[in-house]
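Trainee: Need coordinates for the below:
(one chain, ligands or ions: 1)
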Amino acid sequence: MATSINSGDTHRKPRTIMEPFKIKVVDDLPFPTRERREANLLEAGYNLFLVKAREVTFDFLTDSGTTAMSAQQWGAMMVADESYAGSKSYEKFEKVVKDLTGYQYLIPTHQGRAAERLLFSARLKPGMKIPSNNHFDTTRANIEQMGAEAVDLVIEEGKNPASTHPFKGNIDLVKLDEFCRLNRDVIPLGMLTITNNTGGGQPVSLENIRGASAIYRKHQIPFILDACRFAENSYFVKEREPGQNERTVKDIAKETFGLADGCMMSAKKDALVNIGGFIALKANDWVETLRGLLILTEGFPTYGGLAARDLEAMAVGLEEVLEERYLAYRIAVSRYMAKGLNDLGIPTVQPAGGHAVYVDAKAFLPKIPSEQYPGQALVVEFYRTLGIRSCEIGSVMFGSWANGKFQPSAMELVRLAFPRRVYTQSHFDYIIEGMEEVVANKSQIRGLKMVHTPPFLRHFTARFDLA
Ligand code: F0G
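Mentor: Residues are numbered from 1 along each chain as shown. Predicted coordinates for the structure are as follows:
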């Protein structure tokens with residue numbers, strides 16, 4: 001029987017989300033004054049990417065590379081073997097990955113997008129197509145860089161913020177089968193992102209992974225997982241999928257990997273480290289080419305752009321992340337924040353995702369039109385009121401002007417992404433309490449105009465003024 005969140009008991013279900021760790025090293029929580037936050041906003045042109053981290057109280061920009069590592073991880077780093085070739089740390093890392101995934105071939109990289117660049121430059125040619133539920137931005141960009149097309153086939157519920165479907169990350173199996181049938185000759189590999197970051201950190205069911213696996217196999221298309229949040233996905237499967245509750249999360253994760261031919265992994269998420277990644281593959285057909293490219297751009301095959309201490313930290317992190325008490329806490333945190341916001345009348349994408357809560361800024365600020373960036377206006381308000389740094393995923397990122405007419409993004413979202421093991425429930429309670437002020441001041445929130453528009457990836461460096 002599954003233990004209830006963190007109590008260690010099977011009979012009690014505490015309401016409190018207790019962090020399943022004690023704190024050994026602490027860091028300052030910056031508390032810039034309100035005046036200072038106002039000044040920072042002006043100086044940064046209302047773009048939170050341009051605000052210094054020491055001016056941010058709660059940094060929810062990303063869950064990537066922002067994990068607090070454990071004493072075991074730091075300890076392992078101290079005993080790392082920094083040999084250029086064949087280090088003991090690589091052996092340890094390889095053993096953990098093989099045990100978890102069942103894949104025999106491992107290619108370490110410095111982060112997820114380096115894995116993407118290697119795999120895609122080895123396998124893609126112009127005109128090819130790669131299906132997935134949703135491709136993450138860097139995945140899409142690396143596919144397009146090769147002249148190929150990234151095709152999203154997520155189920156319809158995955159595009160509807162209000163839908164409470166338990167597996168909104170699922171790929172549409174009917175569309176996938178048809179897509180593979182029509183394009184078989186130009187699909188060098190098929191993908192699935194677990195959890196689906198682009199769709200709100202939503203999980204993919206095991207049944208759907210099995211279905212995608214069968215379709216890819218039928219069409220003889222290698223199946224590669226984007227597995228950076230595999231543990232969170234496996235926990236959702238255990239919690240929500242009929243018949244899965246009695247299994248361990250590790251067992252579910254193993255079955256998930258076993259259904260694919262390989263994976264790409266940004267270890268900065270569910271390997272609980274600040275840097276790292278890898279490709280792992282069942283068969284060796286692509287391995288020689290990939291290792292050749294790895295040597296060319298990342299490093300020797302037994303360290304791939306990392307220090308051996310990073311390999312040690314990943315090896316420990318990949319095991320720690322499957323502790324069910326940790327995952328129960330992790331998933332409860334996003335759910336708690338979403339409920340806290342919803343109770344105050346701040347709408348979020350339903351249900352809460354694994355690593356983040358996505359606020360629906362269009363629904364919360366209906367008077368601000370898309371061309372005045374309601375998402376960015378809310379990002380600014382969260383910082384002004386509470387010192388929170390969040391990220392707009394809306395018309396700043398995806399909108400454009402064509403023939404004097406503004407083309408908005410389909411949704412105006414603000415992502416609050418939660419670093420792993422960094423903030424506590426009292427931080428969350430403090431934030432939810434402070435959000436009352438955001439709601440009370442809602443009518444005062446002003447739209448923005450973009451006064452500096454960089455040509456590429458403009459959300460990182462654009463500057464704004466009040467509209
Ligand atoms: N795939 C997914 C699903 C991701 O979420 C990310 C990164 C990557 C690949 C690329 O990995 O950053 O190690 O190169 N997501 C981060 C985020 C940046 O904030 O969601 P990376």
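
Trainee: What does the pLDDT read for the closest residue to the ligand within the stretch 201-350 of the chain?
Mentor: For the stretch 201-350 of the chain and the ligand, the shortest gap (CB to the nearest ligand atom) falls at residue 266, measuring 3.2 Å. From N, CA and C alone the C-beta is placed, and that goes for glycine too. We note a pLDDT of 98 for residue 266 in this prediction.

Trainee: longest single helix anywhere in the protein?
Mentor: Secondary structure of the chain per DSSP state H: the longest helix is helix 324-343.

Trainee: Can you list the buried residues in it?
Mentor: Neighbour-count burial for helix 324-343 flags 324-334, 336-338, 340-341 (criterion: 16 or more other CB atoms under 10 Å).

Trainee: Looks to me like residue 280 is in a helix.
Mentor: No - remark: residue 280 does not belong to a helix; assigned using DSSP: H, G, I helix; E, B strand; the rest coil, it is strand.

Trainee: That one bridge partners, please.
Mentor: residue 106, residue 263 (DSSP bridges).

Trainee: just checking, it touches residue 262?
Mentor: Yes - under the criterion of CB atoms under 8 Å, residue 280 is in contact with residue 262, at a separation of 5.9 Å.

Trainee: ok, the residue in the chain that the ligand sits nearest to - contacts?
Mentor: For the chain and the ligand, the shortest gap (CB to the nearest ligand atom) falls at residue 112, measuring 2.4 Å. When the contact criterion is CB atoms under 8 Å, 6 or more residues apart in numbering, the partners of residue 112 are 138, 226, 228, 264, 265, 266, 267, 268, 277.

Trainee: now, which of these lie within helices?
Mentor: Those of these lying in helices (DSSP H): residue 138.

Trainee: if we look at the lowest-mean-pLDDT helix or strand in the chain, which residues are touching it?
Mentor: When the helices and strands of the chain are compared on mean pLDDT, DSSP states H and E, strand 400-402 comes out lowest with a mean of 83. Counting by CB under 8 Å, 6+ apart, the neighbours of strand 400-402 from elsewhere in the structure are 406, 407.

Trainee: strand partners of it, parallel vs antiparallel please.
Mentor: Each strand paired with strand 400-402, and its direction, by DSSP bridges: strand 405-407 (antiparallel).

Trainee: what does the strand it pairs with contact?
Mentor: The contact list for strand 405-407 (CB under 8 Å, 6+ apart) reads 370, 371, 395, 399, 400, 401.

Trainee: Which of those residues ranks first by neighbour count?
Mentor: For the contacts of strand 405-407, counting by other CB atoms under 10 Å, the largest number of neighbours falls to residue 395: 27 neighbours.

Trainee: Please name the residues that touch it.
Mentor: By CB under 8 Å, 6+ apart, the contact list for residue 395 reads 370, 371, 373, 375, 406, 408, 409, 412.

Trainee: quick check: domain ranges of the chain?
Mentor: 34-60+323-466, 71-320 (automatic domain parsing).

Trainee: so which of these is the most packed in?
Mentor: Each of the domains of the chain was assessed for mean neighbour count using mean count of other CB atoms under 10 Å. The highest is domain 71-320, with a mean of 20.

Trainee: what about that one, start to end distance?
Mentor: Distance between the boundary residues of domain 71-320 (CA to CA, to the nearest Å) amounts to 11 Å.

Trainee: Could you do stretch 443-459 as well?
Mentor: Length of stretch 443-459, first residue to last, CA to CA: 25 Å.

Trainee: ok, now stretch 291-305?
Mentor: End-to-end distance (CA to CA), stretch 291-305: 12 Å.

Trainee: Let me see the residues that make contact with that stretch.
Mentor: Residues contacting stretch 291-305 (CB under 8 Å, 6+ apart): 84-87, 90, 107-110, 114, 117-118, 121-122, 278, 306, 311.

Trainee: which residues are there in the stretch 251-400 of the chain that come within reach of the ligand?
Mentor: By CB under 6 Å from any ligand atom, the part of the stretch 251-400 of the chain that sits against the ligand consists of 266, 268, 277.

Trainee: Try it again at 5 Å.
Mentor: Contacts of the stretch 251-400 of the chain with the ligand, taken as CB under 5 Å from any ligand atom, map to 266, 268.

Trainee: Helices of the stretch 251-400 of the chain, residue ranges please.
Mentor: When assigned using DSSP state H, counting those that start in this stretch, the helices of the stretch 251-400 of the chain occupy the ranges 287-297, 308-320, 324-343, 361-364, 374-386, 395-398.

Trainee: Redo those as a markdown table? Include mean pLDDT.
Mentor: As requested, these are exported to a markdown table (pLDDT from 0 to 100):
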| stretch | mean pLDDT |
| --- | --- |
| helix 287-297 | 97 |
| helix 308-320 | 98 |
| helix 324-343 | 96 |
| helix 361-364 | 96 |
| helix 374-386 | 98 |
| helix 395-398 | 91 |
